[in-house]
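sequence first, then the predicted structure, then my questions.
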Amino acid sequence: MSRLAVVNCSQLVTVAGPARPRVGEEMSDVFAVENAGMIVKNGRITDLDYSKEIETMILPGTEVVDCSGKCVMPGFIDAHAHPVYAGNRVAEFEMRSKGATYEEIAASGGGIWSTVEQTRAADEDDLADETRDHLDWALRCGTTTMEAKSGYGLSTREELKILRVVKSLSESGPMHLVPTFLGAHAVPPGVPARDYVDTILEVMLPAIVEAGLAEFCDVFCEKGYFSLADSREILVRAKELGLGLRVHADQLSNGGGAKLAAEMDAKTADHLEQTDEQGIAAMKKAGVQPVLLPGSVYALGKSKYPAARAMIEAGLAVVLATDLNPGSSPTPSIPMILSLACTQMKMSPAEAVTAATVNAAYSLNLGGQVGSLEPGKRADFVVFDTKDYREIAYYFGREHADRVYIGGKIAYGSKLDG
């Protein structure tokens, strides 16, 4: 039996509470206990208490993690990310810095299609190597679980390739990946939109479900990408095949994506920069979790962030995620997202932490396993080089994670380096 004792935490931020996503004032309760620690057996948390009490539980052979006055929190759960891609779009970054818009870049042949071409050109092993680097960046920022979307293949063969990479990297670890099929990310150039939608419905979705390579289906419901009607058709078929539903909604325009997510009983509606009060009310009634992605607003040089305060006040279980991708949000850093949430969307540090841990876990159907530090849950936790959890959003632009543990085993940090 492996046994781990974590002691001398300046704060042990447990985010403990009811076995469901947190809403309203609950999002402000992260239950930060000073001078605390915990016991881990066989990768699961068994005990949490003040450090002096935990020290009495240390048996011979127990590995001791002395946090030396550092803050310990659950590992971040990144519930919206596109980590599997080849190459980059730094040229587009330069174009945006000179005033080009996301839509103008896409119309000129850039955008999603640029990454599709680079990803198609990479063989499976090379794509896995590049993706492993992206995951390592996120791990160093404190992420222990990540949703991983396809969507840079846009053909049956290439979408399957991407999802096989996700499966392989999740199995080889250390980070747990939740696979999402996003064949409806864009329509390939030269292919009639109706023909491509039919391919998704009749070929892609059945093939991916038969291979067991996805847990969710997502669709980019947006003008110029997939219409409301096409998005509904794809989501209906995915639901029939047993996949959970997620929706890229109301990012560039208020096209009714949030309402569609509610109509379809989707698990999440993501982006939501343009969502209005009606969309918020529809999500609340249907129990849809909003996944907010301030990194993409920032990276695209826009100023309209999602209405996080209105969503929290409406009782929605808000989630924060990176939207890691090479075009509109090239960041693996949840700490940076926490900073943007606090400064641009006026979420409190506690609300932001809740949104990126336990609420994010429930949005991926993992709330019973990860997202908080409670007995029985997997010991995915981070020792942050701070004394107070609020410093993580406050000191933006630095790596705060000193050590990262997944299932009670060190995945990044000083012990590995030594």
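Here it is on my side, so go on.

could you break the chain into its assigned domains?
Here the domain assignment for the chain is 3-75+371-417, 77-363, based on automatic domain parsing.

dump the ones you listed to a markdown table, plus mean pLDDT.
Putting the domains of the chain into a markdown table (pLDDT from 0 to 100) gives the following:
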| stretch | mean pLDDT |
| --- | --- |
| domain 3-75+371-417 | 96 |
| domain 77-363 | 97 |
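
ranking those by burial, who's on top?
Using mean count of other C-beta atoms under 10 Å, the stretch among those with the greatest mean number of neighbours is domain 77-363 (a mean of 21). For every residue, glycine as well, the C-beta is placed using N, CA and C.

surely G397 is in contact with T331?
No. Using C-beta atoms under 8 Å, G397 is not in contact with T331, being 10.7 Å away.

now A36: phi and psi?
phi -120, psi 180 (degrees, to the nearest 10).

now swap in P326 and tell me
phi -80, psi -10.

next one: A393
Comment: the main-chain dihedrals of A393 come out as phi -80, psi -30, following degrees, to the nearest 10.

can you pull the contacts of it?
A393 makes contacts with 335, 338-339, 341-342, 349, 352, as judged by C-beta atoms under 8 Å, 6 or more residues apart in numbering.

quick one: the helices in the stretch 151-300 of the chain?
All helices of the stretch 151-300 of the chain, identified by DSSP state H, counting those that start in this stretch, fall at 156-172, 193-199, 205-211, 228-240, 257-263, 277-286, 294-299.

centre of the chain to the fifth one, how far?
Yep, that's helix 257-263 we're talking about. Using C-alpha atoms, centre = their mean, to the nearest Å, the distance from the centre of helix 257-263 to the centre of the chain it belongs to is 20 Å.

other SSEs contacting that helix?
Contacting helix 257-263 under the criterion 3 or more C-beta pairs under 8 Å, 6 or more residues apart in numbering; DSSP states H and E are the following elements: helix 228-240, strand 244-249, strand 268-271, helix 277-286.

for K52, which of the ones you listed is the nearest?
Relative to K52, the nearest member of those by C-beta to C-beta is strand 268-271, separated by 41.6 Å.

sheet partners, orientation included, of the closest one?
Sheet partners assigned to strand 268-271 using DSSP bridges are listed as strand 244-249 (parallel), strand 289-292 (parallel).

okay, these in a markdown table with distance to L59 next?
What follows is the strands paired with strand 268-271, written out as a markdown table (distance: least, C-beta to C-beta, whole Å):
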| stretch | distance to L59 |
| --- | --- |
| strand 244-249 | 41 |
| strand 289-292 | 41 |
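
to G37, which of those lies closest?
Using C-beta to C-beta as the criterion, the shortest distance between G37 and the strands paired with strand 268-271 is 31.6 Å, found for strand 289-292.

mind saving the C-alpha coords of that closest one as CSV?
The C-alpha atoms that make up strand 289-292 are tabulated as CSV, following Å, rounded to 0.1, in the frame of the first residue of the first chain:
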residue,chain,number,x,y,z
GLN,A,289,-23.2,24.9,-17.1
PRO,A,290,-21.7,28.0,-18.8
VAL,A,291,-18.0,27.5,-19.6
LEU,A,292,-16.4,31.0,-19.9
